[in-house]
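Trainee: the amino acid sequence is not available; the structure is as follows:
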């Protein structure tokens, strides 16, 4: 089974520049979760979204690379049935004319 969360967009503090530490900015997150579905043992996408948002807000990451790795660890810990995870984090407003970000595939 695959759970898709696409274009999850919210404001959070992330970045290493002085103004990024003071002012929340938009981030966009995509998350694809592959797991072995068993009756009554499903991954609730609303819980995944809440975990992502809470983690990003509480940690106030400096690097999006660190955010990506820690999100993967938190998701696997909360949802141990995950076999494979794809995450991307983009900062759409940091540079003109483009979205920038990082992505990684995790296999557990």
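Mentor: That came in fine, so what should we check first? As the structure is a computational prediction, the values presented were derived from the model and not from experiment.
Trainee: could you use CA atoms for every contact and neighbour count after this?
Mentor: OK.
Trainee: residue ranges for the strands of the chain, please.
Mentor: Taking DSSP state E to define them, one finds strands in the chain at 2-12, 25-35, 82-91, 100-107.
Trainee: and the third one, how far from the chain's centre?
Mentor: Strand 82-91 has its C-alpha centroid displaced from the chain centroid by 6 Å (Cα atoms, centre = their mean, to the nearest Å).
Trainee: got it, and the second one?
Mentor: Taking Cα atoms, centre = their mean, one finds strand 25-35 lying 4 Å from the centre of the chain it belongs to.
Trainee: which residues sit in contact with residue 41?
Mentor: Going by Cα atoms under 8 Å, 6 or more residues apart in numbering, residue 41 touches no other residue.
Trainee: report pLDDT for it.
Mentor: If you check residue 41, the pLDDT there is 89.
Trainee: report the beta-bridge partners for it.
Mentor: residue 38 (DSSP bridges).
Trainee: so what does the residue of the chain most remote from its centre look like in phi/psi?
Mentor: Relative to the centre of the chain, the most outlying C-alpha is that of residue 39, 26.4 Å out, by Cα atoms, centre = their mean. Note on residue 39: its backbone torsions stand at phi -50, psi 130 [degrees, to the nearest 10].
Trainee: distance of it from residue 1?
Mentor: From residue 39 across to residue 1, the span is 12 Å (Cα to Cα, to the nearest Å).
Trainee: circling back: would you turn the strands of the chain into JSON lines with mean pLDDT, mean neighbour count and distance to residue 57?
Mentor: Below are those laid out as JSON lines (pLDDT from 0 to 100; neighbours: other Cα atoms under 10 Å; distance: least, Cα to Cα, whole Å):
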{"stretch": "strand 2-12", "mean pLDDT": "98", "mean neighbour count": "15", "distance to residue 57": "6"}
{"stretch": "strand 25-35", "mean pLDDT": "98", "mean neighbour count": "19", "distance to residue 57": "11"}
{"stretch": "strand 82-91", "mean pLDDT": "98", "mean neighbour count": "19", "distance to residue 57": "14"}
{"stretch": "strand 100-107", "mean pLDDT": "97", "mean neighbour count": "14", "distance to residue 57": "18"}
